[in-house]
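Trainee: Sequence plus the predicted model coming up.
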Amino acid sequence: MLTNLPDADEKIDVELYPQASRGNVSDNYHGKMIHDPYRALEDPDDNETQKFVTQLNKLSQPFLEACPMREELRETLEKYWNYEKFGCTSIRGNFYYYTRNTGLQNHFVLYQQRTLQEDGTVFLNPNDFSADGTTAVTMTSWTSDGQILAYGVSEKGSDLTKIKFKKCTGEDLTDEIPRVRGCAVQWGPDNKGIYYSKYPELLAGGSATQRLDHQSIYYHGIGSDLEDRLVYEHTEKECNTCIEPSDCQHFFVTTRFGCDPSNQLFYFTIGSKINGRIPLLPLFNKSDAKYEVMDSDEHSALILTNHNAPMFKLVRVKLGERGVVNPKNDQWQVVIEEEKQRKLERAWPVDGDKLLVCYLENVKSTLSVHSLDDGRELYKLPLPIGSLSGVFAEKSKSEIFVGFQSFLVPFILYHGDFSKCSSREPHLQLTETRRVNVSGLDYNAFDSEQVFYPSKDGTKIPMFIVHRKGVKLDGTNPTILNGYGGFGSSQLPFFSVARLMLAKHFGIVSVIANIRGGSEYGEKWHEAGMLGRKQNVFDDFIAAADFLINKKKYTNNKKLAIHGRSNGGLLTAVCSQQRPDLFGAVIIHFGVLDMLRFHKFTVGATWTTEYGDPDKPGDFPFIYRYSPLHCLRLTNGVNWPATLLMSADHDDRVVPLHTLKYVAQLYHLLRTEAKGWQQRPVLARIEKKAGHGAGKPTTKTIAELVDLYCFLQRVLKLKWEE
């Protein structure tokens with residue numbers, strides 16, 4: 001067995017780095033001229049761009065394939081990955097549905113069953129859609145009676161979706177809605193058609209980079225030859241418009257600018273026929289908070305909001321004939337008050353008169369049952385420490401299903417039935433109906449813990465740490481620090497078989513830092529890491545690294561790797577520039593790196609609410625101050641950290657031009673300024689027929705992880721242990 005072989009030479013001569021053609025393009029930003037020599041790389045179809053991508057992969061692949069334990073790593077990862085996986089069960093019409101993956105299938109398969117006791121039969125198998133597994137199901141929406149499923153199909157990882165339809169009998173309908181993006185789907189009350197949101201014009205090909213504006217709502221009648229009708233469009237092009245699910249005669253429409261969590265909320269009463277544009281009534285017509293519909297009836301709507309409540313509250317608002325314009329607090333019935341120590345995440349109406357309520361408390365999920373009428377907590381539902389991976393609960397159903405996971409628990413499915421409650425046993429009993437295990441992994445051999453550390457400004461930041469039991473705090477453990485820090489996205493405990501494989505065989509300590517910019521502690525936590533406060537995010541992450549090295553003694557700067565995806569790739573790029581001495585390896589995965597032009601491509605304009613708009617004189621200074629592409633500087637005699645940039649040719653969310661322009665400029669600097677001393681490798685891996693990550697087939701996921709771990713093995717000099 002290939003263990004503890006000597007490492008291949010991990011150094012790369014800077015003369016080997018390919019050079020892209022430099023142009024003379026410059027832009028004037030509020031009186032400051034900014035040179036953009038690699039503007040041509042923004043065109044994915046340009047011959048020079050494709051040539052540069054080929055050169056990048058020709059350099060990186062031999063380096064990654066030279067890992068002496070590459071095949072052992074791949075075989076072991078596939079062995080652990082080959083375990084049966086399940087998704088949360090739901091009830092649609094007369095059937096139960098659940099998703100299942102036998103182990104190494106590229107995609108989960110949707111199964112149908114009449115009772116929970118019988119075996120399910122295959123209802124929808126995305127693995128049949130393409131031979132190479134690059135076609136995936138990205139969304140599903142059932143009619144209220146469970147007779148027809150609408151599902152979205154995406155190719156090569158693109159965010160572009162084709163909506164198709166299938167009856168519960170297994171019959172495929174001929175209806176198709178092509179080239180939809182950013183889609184929310186809502187069936188009409190008669191189940192004869194769907195409302196969906198899309199951008200009016202999209203260029204062909206998942207690699208297109210055009211900016212997307214004017215997201216609008218359309219109606220498609222099932223079996224109709226008529227062209228889909230535009231039923232609502234916002235007057236402002238930057239506005240995103242989505243229709244919200246509802247099970248009554250009122251439908252709700254959310255409008256927001258960019259990725260701003262604050263939104264406006266409108267509603268309309270719909271009949272069985274659509275005759276032109278929908279007359280929307282305002283419910284909340286100011287984007288001053290987040291408003292999300294949890295339930296509605298003929299006269300009112302139950303709204304989850306952070307209006308004057310950063311940790312969220314639940315309110316009931318009456319629906320009037322002309323809508324509620326700028327509703328005052330005295331027009332709201334507060335059903336569940338905000339709590340300062342835990343965030344109200346979600347509330348599902350269930351069993352007619354109850355609410356199933358999820359809280360996030362110190363980055364861990366809890367569940368409780370409340371009264372739908374007045375919000376009183378009736379009792380708590382016991383759950384282990386971890387997070388929810390799925391919930392099914394509906395107002396008209398007495399049964400619920402809850403999916404659960406944690407760092408050391410792959411998946412547990414709980415089932416409860418309120419109809420089984422009695423005077424002797426009034427509380428809902430959650431029964432474990434399915435538990436997933438991974439063969440060859442002893443969960444008792446690992447530990448997970450949550451600690452808190454101080455950031456630069458003294459703010460206490462939570463951090464999860466997963467490692468082998470008995471790890472020695474002697475500063476020698478290879479460690480991977482992960483972070484995101486943006487868009488209000490909370491990083492909760494989740495199971496990763498790859499993480500445990502790394503701990504078992506490489507002794508790697510895995511860390512998730514719950515830095516500001518997420519919403520682990522509500523909207524204030526998010527706001528503290530956005531716009532002009534973005535430096536807090538970088539400070540939090542750098543403080544996490546310093547804490548692991550100097551306070552906890554887990555690792556040292558030569559053994560510490562940082563990893564981030566998308567907004568997290570921006571994070572790791574900036575931190576590697578601000579503290580290059582702190583990291584032995586840097587992974588920049590789908591990173592947003594050109595912060596002066598991100599808003600000009602695909603959905604990038606929606607991110608200006610998070611990052612700011614570089615075209616505005618008030619925003620430009622704080623964006624330019626950290627923009628990774630524009631902050632590339634070398635220090636004489638100081639090695640740039642070993643870096644792997646990862647992107648994909650069909651990533652139409654964070655388009656690959658970010659990675660290409662960044663690595664081109666970095667290679668230019670290394671070749672012209674660092675010939676005498678730069679030794680650590682800087683590589684780029686550009687994947688073919690792949691996108692931002694959603695719907696990625698298992699084969700590509702494993703191949704991506706193998707390359708990533710081979711890079712870390714070489715640059716961190718990892719040793720394999722049985």
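Mentor: Yep, it's here.

Trainee: Quickly list the domain ranges of the chain.
Mentor: 14-79+440-716, 342-436 (automatic domain parsing).

Trainee: can you list the ones you listed in JSON lines and add mean pLDDT, mean neighbour count and distance to residue 230?
Mentor: (Each C-beta comes from the backbone N, C-alpha and C, glycine too.) Output for the domains of the chain, formatted as JSON lines (pLDDT from 0 to 100; neighbours: other Cβ atoms under 10 Å; distance: least, Cβ to Cβ, whole Å):
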{"stretch": "domain 14-79+440-716", "mean pLDDT": "95", "mean neighbour count": "20", "distance to residue 230": "20"}
{"stretch": "domain 342-436", "mean pLDDT": "97", "mean neighbour count": "18", "distance to residue 230": "31"}
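
Trainee: Need the ones you listed in a markdown table (columns: distance to residue 252).
Mentor: As requested, the domains of the chain are exported to a markdown table (distance: least, Cβ to Cβ, whole Å):
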| stretch | distance to residue 252 |
| --- | --- |
| domain 14-79+440-716 | 20 |
| domain 342-436 | 15 |
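
Trainee: wait, which of those is closest to residue 287?
Mentor: Taking Cβ to Cβ, domain 14-79+440-716 is the member of those nearest to residue 287, at 9.5 Å.

Trainee: picking that back up, residue 261: which of the domains of the chain is closest?
Mentor: Using Cβ to Cβ, the domains of the chain put domain 14-79+440-716 closest to residue 261, at 5.3 Å.

Trainee: Endpoint to endpoint, the closest one covers what distance?
Mentor: 20 Å (Cα to Cα, to the nearest Å).

Trainee: which residue sits closest to residue 313 in space, ignoring its chain neighbours?
Mentor: Of all residues not flanking residue 313 in the chain, residue 338 sits nearest, at 4.3 Å (Cβ to Cβ, 6 or more residues apart in numbering).

Trainee: repeat for residue 302
Mentor: Closest to residue 302 by Cβ to Cβ, 6+ apart is residue 295, at 4.0 Å.

Trainee: do residue 450 as well
Mentor: Closest to residue 450 by Cβ to Cβ, 6+ apart is residue 464, at 5.5 Å.

Trainee: Report the separation between that neighbour and residue 314.
Mentor: According to Cβ to Cβ, to the nearest Å, residue 464 and residue 314 sit 28 Å apart.

Trainee: can you check residue 559 too?
Mentor: 46 Å.

Trainee: What strands flank the helix or strand hosting the residue nearest to residue 450, and is each parallel or antiparallel?
Mentor: Element membership of residue 464, judged by DSSP states H and E, is strand 460-468. Strand 460-468 pairs in its sheet with strand 446-454 (antiparallel), strand 509-513 (antiparallel), by DSSP bridges.

Trainee: for the residue most central in space within the chain, what are its contacts?
Mentor: For the chain, the residue sitting closest to the mean C-alpha position, by Cα atoms, centre = their mean, is residue 489 at 7.6 Å. If you count contacts by Cβ atoms under 8 Å, 6 or more residues apart in numbering, residue 489 has them with 518, 519, 567.

Trainee: could I get those residues as a markdown table with distance to residue 709?
Mentor: Shown next, in a markdown table, are these (distance: Cβ to Cβ, whole Å):
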| residue | distance to residue 709 |
| --- | --- |
| 518 | 26 |
| 519 | 30 |
| 567 | 23 |
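
Trainee: out of these, who's nearest residue 138?
Mentor: Residue 138 lies nearest to residue 567 out of the contacts of residue 489, by Cβ to Cβ, at 20.3 Å.

Trainee: so when I look at the residue nearest to residue 302, I'm seeing a strand, right?
Mentor: Yes - with DSSP: H, G, I helix; E, B strand; the rest coil as the criterion, residue 295 is part of a strand.

Trainee: mind listing the helices for this structure?
Mentor: 47-65, 70-81, 497-506, 523-527, 535-546, 567-578, 608-611, 620-624, 657-673, 698-716 (DSSP state H).

Trainee: Distance from the second one to the middle of the chain?
Mentor: Averaged C-alpha coordinates place helix 70-81 at 26 Å from its chain's average position (Cα atoms, centre = their mean, to the nearest Å).

Trainee: so what does it touch, helix or strand wise?
Mentor: Here helix 70-81 touches helix 497-506, helix 698-716, going by 3 or more Cβ pairs under 8 Å, 6 or more residues apart in numbering; DSSP states H and E.

Trainee: same question, the third one
Mentor: The contact analysis (3+ Cβ pairs under 8 Å, 6+ apart) places helix 497-506 against helix 70-81, strand 446-454, strand 460-468, strand 509-513, helix 698-716.

Trainee: let's see 7 Å
Mentor: Packed against helix 497-506 by the contact rule (3 or more Cβ pairs under 7 Å, 6 or more residues apart in numbering; DSSP states H and E) you find helix 70-81, strand 460-468, strand 509-513.

Trainee: Residue 663 is nearest to which of the ones you listed?
Mentor: Comparing those under Cβ to Cβ, the one sitting nearest is helix 70-81, at 23.0 Å.

Trainee: export the closest one as CSV, just CAs?
Mentor: What follows is helix 70-81, C-alpha atoms only, in CSV (Å, rounded to 0.1, in the frame of the first residue of the first chain):
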residue,chain,number,x,y,z
ARG,A,70,-3.4,9.8,-5.2
GLU,A,71,-5.0,6.4,-6.1
GLU,A,72,-5.1,5.4,-2.5
LEU,A,73,-6.8,8.6,-1.7
ARG,A,74,-9.3,8.2,-4.5
GLU,A,75,-10.1,4.6,-3.6
THR,A,76,-10.5,5.3,0.1
LEU,A,77,-12.7,8.3,-0.6
GLU,A,78,-14.9,6.3,-2.9
LYS,A,79,-15.1,3.5,-0.3
TYR,A,80,-16.3,5.8,2.4
TRP,A,81,-18.6,7.7,0.0
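
Trainee: now the angle between helix 497-506 and it, please.
Mentor: Orientation of helix 70-81 against helix 497-506 (axes from the mean of the first three to the mean of the last three Cα atoms, to 10 degrees) gives an angle of 130 degrees.

Trainee: I'd assumed residue 291 was in contact with residue 302.
Mentor: No - using Cβ atoms under 7 Å, residue 302 makes no contact with residue 291, being 11.0 Å away.

Trainee: The two: which is more packed in?
Mentor: The neighbour comparison of residue 302 against residue 291 (other Cβ atoms under 10 Å) goes to residue 291, with 26 against 22.

Trainee: show me what contacts that one?
Mentor: For residue 291, the contact set (Cβ atoms under 7 Å, 6 or more residues apart in numbering) comprises 263, 265, 284, 303, 305.

Trainee: Quick check: end-to-end length of stretch 611-628?
Mentor: Start-to-end, stretch 611-628 (Cα to Cα) is 13 Å.

Trainee: what's the answer for stretch 266-278, then?
Mentor: 11 Å.

Trainee: quick one: residue 139 from residue 602, how far?
Mentor: 18 Å.

Trainee: Also residue 547?
Mentor: In terms of Cβ to Cβ, residue 547 sits 37 Å off from residue 602.

Trainee: cool, and residue 191?
Mentor: Residue 191 is 33 Å from residue 602, by Cβ to Cβ.

Trainee: I am finished for the moment; much appreciated.
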